[in-house]
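Visitor: The following comprises the amino acid sequence and a computationally predicted model.
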Amino acid sequence: MGWFSSGSPKPAAPKPSSDGAFEAPNRSDRALCWEARDAFFECLDRNNILDSIKDKDAAERACGRLDQEFQRNCAGSWVQYFKKRRVVEYNKEQTLKRIESEGGEILPPALKR
Amino acid sequence: MSRPCSTIPGAFKAFKPTYTPSTQFPAARFLSRSSTRSFTSSRCSNAALRPPIIRQSASRRITSESSALHSRCAGQSSRRILGCTARPFSSTSARNKYKTVEEARSRYKLGPFSWPAGVLFLTSGIGLTMYFRYEKDRLARKRIAESTKGVGKPKVGGPFDLVDQDGNRFTHEDMHGKYALVYFGFTHCPDICPEELDKMAVMIDLVKQRCGNVLRPIFITCDPARDTPAVVKEYLKEFHPDIIGLTGTYENTKSVCKEYRVYFSTPPNVQPGQDYLVDHSIYFYLMDPEGDFVEAIGRNFTPEQAAKVMTDHIKDWRGPLDKD
């Protein structure tokens, strides 16, 4: 991964569990990660950056410190996932808004009977 | 008076229906208030003032015409009247059971309507409506629950052979006897699974509170390479103590995911400590005590809505249900 190159801080090593496999992040680990993510995304919002993978340079200039904090608190795969998901969520929101403005109606799939 | 029948009030009442032609009765109901009054009062004066000879002829006519009169004469004053010796034909009670003229008048005014009749009508109407609605909902649920039973139906779920978080073998047969709420996920899931498992914990408590201990919540991992029993145990501890966490060999987890139509994307060969994500479907599967699929509950349900779906299905269940 280009953006996840050497020099960026590594997340804390996962603890091995009793049978040798690595333990999953627990509730407080997740909370820490989500907090760092939200701080980073808020910074991106302020600087009008949507995709921090595509606009890597701009994101690093504007929110480099928070990005490092984010990567330190979350597993690499999670960082990737959240960054991509931010774009997907934004596009989804825009699509829903467009459909609604065109007079369409959106129903949750399983709640209708 | 030679004919006591015509003078005593009881006898007058008895004459009333037959003295006037029967068609006058419905008509009187639709007359205005004043005309009804004059109608009755004139008949009162008639009864009181007419010479006995007219009355006599009238009563004779009545005796020949009406069979109801016989019974009334016999019932009310047969001991005193010579002309009324006939045996009663019917045991039906008198048509006019009112004690006063006012009572009878108000009865005419209201017609067949009264408070008890109105209340009875409303309660039975509301009751029937509610019953039909309940039955409609129940049949809709039954259709959902039974759509996967029988031959030639799409099958969700099936036999599996996995290991629970304590390392004991757990197969599809261990799932039977109670309803089961099955959720697929993996412990390294970034955001959706933890949120869904928190919701699952609320659902479990709600169902337990309403239906007793009839639900077996099951978490099946889609990531057997990283999710060993010990990892699953440590992970589920934070959500709900009732949740059974299942894992197994790569092949066995892959096949259970396939049976539940869950997308399975774990790479077959992973190094320990390797960092990757797994894609999977995010549904709760409600399975009945025979292990058949009942309904899938998606992410858009709140825990409250999901618990209602489950308790409704559980209440519909008529087979044996393990409550221990």
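Guide: Here it is on my side, so go on.

Visitor: Against chain B, how distant is A:Glu23?
Guide: Here the criterion is CB to the nearest CB, to the nearest Å. By it, A:Glu23 lies 6 Å from chain B. In this view, the C-beta of every residue, glycine as well, is placed from N, C-alpha and C.

Visitor: wait, that residue sits on B:Lys237?
Guide: No - counting by CB atoms under 8 Å, A:Glu23 does not reach B:Lys237; the two are 11.2 Å apart.

Visitor: Pick out whichever of the two has more residues nearby.
Guide: A:Glu23 (19 against 14; other CB atoms under 10 Å in any protein chain shown).

Visitor: Report the separation between that one and B:Phe170.
Guide: Using CB to CB, to the nearest Å, A:Glu23 is found at 22 Å from B:Phe170.

Visitor: same deal with A:Lys54?
Guide: Applying CB to CB to A:Lys54 and B:Phe170 gives a distance of 45 Å.

Visitor: B:Arg216 too?
Guide: Counting by CB to CB, the gap from B:Arg216 to B:Phe170 is 11 Å.

Visitor: Equivalent analysis for A:Gly76, please.
Guide: For A:Gly76 relative to B:Phe170 (CB to CB), the value is 33 Å.

Visitor: So these two - more neighbours on which side?
Guide: Higher neighbour count among A:Gly76 and B:Phe170: B:Phe170, with 21 against 15, using other CB under 10 Å.

Visitor: Phi, psi for that one please.
Guide: phi -140, psi 120 (degrees, to the nearest 10).

Visitor: List the residues that contact the residue sitting nearest the centre point of chain A.
Guide: By CA atoms, centre = their mean, chain A has its centre lying nearest to A:Phe82, at 2.0 Å. Shown in contact with A:Phe82 (CB atoms under 8 Å, 6 or more residues apart in numbering or on different chains): A:Arg37, A:Phe41, A:Cys74, B:Pro190, B:Asp191.

Visitor: ok, back up a step: overlap in contacts, B:Arg216 and B:Phe170.
Guide: B:Ile244.

Visitor: Can you name the residues of chain B that neighbour chain A?
Guide: Where chain B comes near chain A, counting by CB under 8 Å from any CB of the partner chain, the residues are B:140, B:187-188, B:190-191, B:194, B:226-231, B:234-235, B:238, B:272-273, B:275-277, B:296-298, B:300-301, B:305.

Visitor: are any of these buried, and which?
Guide: By neighbour count, with 16 or more other CB atoms under 10 Å in any protein chain shown, the residues of chain B next to chain A hold B:187-188, B:190, B:194, B:226-231, B:234-235, B:275-277, B:296-297, B:301 as buried.

Visitor: ok, longest helix in chain A?
Guide: helix A:76-101 (DSSP state H).

Visitor: Can you report phi and psi for the residue in the stretch 51-200 of chain B positioned nearest to chain A?
Guide: Proximity of the stretch 51-200 of chain B to chain A (CB to the nearest CB) peaks at B:Thr187, 3.4 Å away. When read as degrees, to the nearest 10, the backbone of B:Thr187 gives phi -70, psi -20.

Visitor: Now do the helices in the stretch 151-300 of chain B.
Guide: In the stretch 151-300 of chain B, the segments counted as helices under DSSP state H, counting those that start in this stretch are B:192-211, B:229-236, B:250-259.

Visitor: Any chance you could list what contacts the first one?
Guide: Spelled out, that is helix B:192-211. With CB under 8 Å, 6+ apart as the criterion, helix B:192-211 contacts A:27, A:30, B:181, B:183, B:185-186, B:214-215, B:217, B:219, B:236, B:239-240, B:242-243, B:282, B:284, B:299, B:302-304, B:306-307, B:310-311, B:314-315.

Visitor: For that helix, the averaged confidence score.
Guide: Averaging pLDDT along helix B:192-211 gives 91.

Visitor: Same question for it: list its buried residues.
Guide: Neighbour-count burial for helix B:192-211 [16+ other CB under 10 Å]: B:Cys193, B:Pro194, B:Glu196, B:Leu197, B:Lys199, B:Met200, B:Ala201, B:Met203, B:Ile204, B:Leu206, B:Val207, B:Cys211.

Visitor: Distance of the fifth one relative to B:Gly291?
Guide: Here the distance between B:Lys199 and B:Gly291 works out to 24 Å (CB to CB).

Visitor: Just give the nearest non-adjacent residue to B:Gly158, would you?
Guide: Nearest residue to B:Gly158 in three dimensions, chain neighbours excluded: B:Glu259, at 4.0 Å (CB to CB, 6 or more residues apart in numbering or on different chains).

Visitor: pretty sure the one you found is touching B:Asp161, no?
Guide: No - here B:Glu259 does not reach B:Asp161: they are 11.6 Å apart, not a contact under CB under 8 Å.

Visitor: Roughly how far does B:Thr253 sit from B:Ile220?
Guide: In terms of CB to CB, B:Thr253 sits 7 Å off from B:Ile220.

Visitor: Can you check which residues contact both of these two?
Guide: B:Leu162, B:Thr247.

Visitor: Chain A: helices as residue ranges?
Guide: Using DSSP H, helices in chain A cover A:27-46, A:56-73, A:76-101.

Visitor: Mean pLDDT added to these, as CSV?
Guide: CSV is the format used below for the helices of chain A (pLDDT from 0 to 100):
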stretch, mean pLDDT
helix A:27-46, 90
helix A:56-73, 87
helix A:76-101, 89
